[in-house]
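when you get a sec, could you give me coordinates for this:
(one chain, ligands or ions: 2)
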Amino acid sequence: ATPAATMVGSTLSATNGVLFKGGDVLEQVRGIDTVVFDKTGTLTHGEMVLTDVELVGERAAPDGGTAADDDTAADGGALAAPDERDGDLESYVLGAAATAESGSEHPIARAIVDAADERGVAVGEVSEFENVPGHGIRAETDRGSVLVGRRKLLEDAGIDTEPAEETLTRLEREGKTAMPVAIDGRLLGVLAVADEVRESATQTVSALRERGTEVVMLTGDNELTARAVAQAVGIDPENVRAEVLPEDKADHVEELQAGDEGSSVMMVGDGVNDAPALTTAQVGVAIGSGTDVAIESADVTLMRDDPADVLKAVRISEATISKVR
Ligand code: ADP
Ligand code: MG
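Numbers count the residues shown, from 1 in each chain. Ligands and ions are numbered 1, 2, ... in the order given. Down below sits the predicted model:
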């Protein structure tokens, strides 16, 4: 870009809450033909709230239940809380999960801990804690050994998640992130968290598509949840890349850009997980309230956290170049 173009662009961008890191970026933005959105914190607010606490396992198999055998009521279906534990089993599951999550900074962890606090469910002590990125957490607590996260986290520990499948699937179809909870090797419950779609996400996706831009979603979340959110904002199911591990996000961007026929990708994200993908993309765009690493890795920052400003960035780029020419 000429110095004049840079100046015009910077002036425009400053008043619009869109910050470009230099004139080259300003020029590149108009050339993009694909926009890849991270889901959590980008298309959605990223403020997770606990929506469901469900019991599974023993209830589904009253005769063959593995937990609380001694306490199983005579009617065969009702499940009595183990006597050394106060309160109902839902609170027990929530309390154990919140205890395990108390060492994590993940938005899911915060939602679970906050819900326990709000419901007056005590959070206990953690002696060992392991965060498994993209999968969940393992913790040794005063409530026992706790696993919370994706099905695979439990399966890898030899715990069958099939008894939770119906519950998990139902919650995921609602666009929620559902996680089985195991305590001392027993599958006991399912927790679900949800997050609101940002207001302008839908209109932004449709305006981009009208421009002829391909719109893709990239997320670590599961397929069903991702598709439900994609449907809510108007992204094609075949453009949903779900269950992508943090370290693999950049590879997906690279794949889209590969070859002579490769796309020119704008990646929009907020998280630490997104940083390598933001760097890999032709144009990386960070949500202003996102993590510092994301902002540092990006070429453009949206100061108002509004996905609609992606479109504004494109318009600014187009207007600036044509004006100067
Ligand atoms: P995203 O790309 O949506 O930010 P992550 O890669 O951080 O997601 O996590 C992917 C999935 O791993 C989550 O949807 C969740 O199922 C599971 N997960 C990650 N961290 C946690 C946690 N602290 N507790 C429970 N589950 C977790
Ligand atoms: Mg995110």
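
who's in contact with the residue in the stretch 151-300 of the chain positioned nearest to ligand 1?
Per C-beta to the nearest ligand atom, residue 220 is where the stretch 151-300 of the chain lies closest to ligand 1, at 2.5 Å. C-betas here are computed from N, CA, C, even on glycine. By C-beta atoms under 8 Å, 6 or more residues apart in numbering, the contact set of residue 220 is 40, 134, 242, 243, 244, 245, 246, 273.

which phi and psi values does it adopt?
With angles defined as degrees, to the nearest 10, residue 220 sits at phi -80, psi -10.

that older thread, which ones among the contacts of residue 220 also lie next to ligand 1?
Of the residues in those, proximity to ligand 1 by C-beta under 6 Å from any ligand atom holds for 40, 134, 246, 273.

of these, closest to residue 107?
residue 40 (6.9 Å; C-beta to C-beta).

least confident secondary structure element in this protein?
Every helix and strand of the chain was ranked by mean pLDDT, DSSP states H and E. The lowest is helix 3-16, at a mean of 60.

now the element after that helix, going C-ward?
Following helix 3-16 in sequence order, the next helix or strand is strand 18-20 (DSSP states H and E).

just checking, what packs against that next one?
helix 3-16, strand 300-302, helix 308-324 (3 or more C-beta pairs under 8 Å, 6 or more residues apart in numbering; DSSP states H and E).

next, count neighbours for residue 42.
30 (other C-beta atoms under 10 Å).

show the contacting residues for it.
Contacts of residue 42 by C-beta under 8 Å, 6+ apart are 268, 269, 270, 274, 287, 307.

closest one of the residues you listed to ligand 2?
Distance to ligand 2, by C-beta to the ion, is smallest for residue 270 among the contacts of residue 42, at 4.6 Å.

so the closest one touches residue 291, yeah?
Yes. Residue 270 sits in contact with residue 291 when judged by C-beta atoms under 8 Å, with a separation of 6.7 Å.

more neighbours, the two?
residue 270 (26 against 18).
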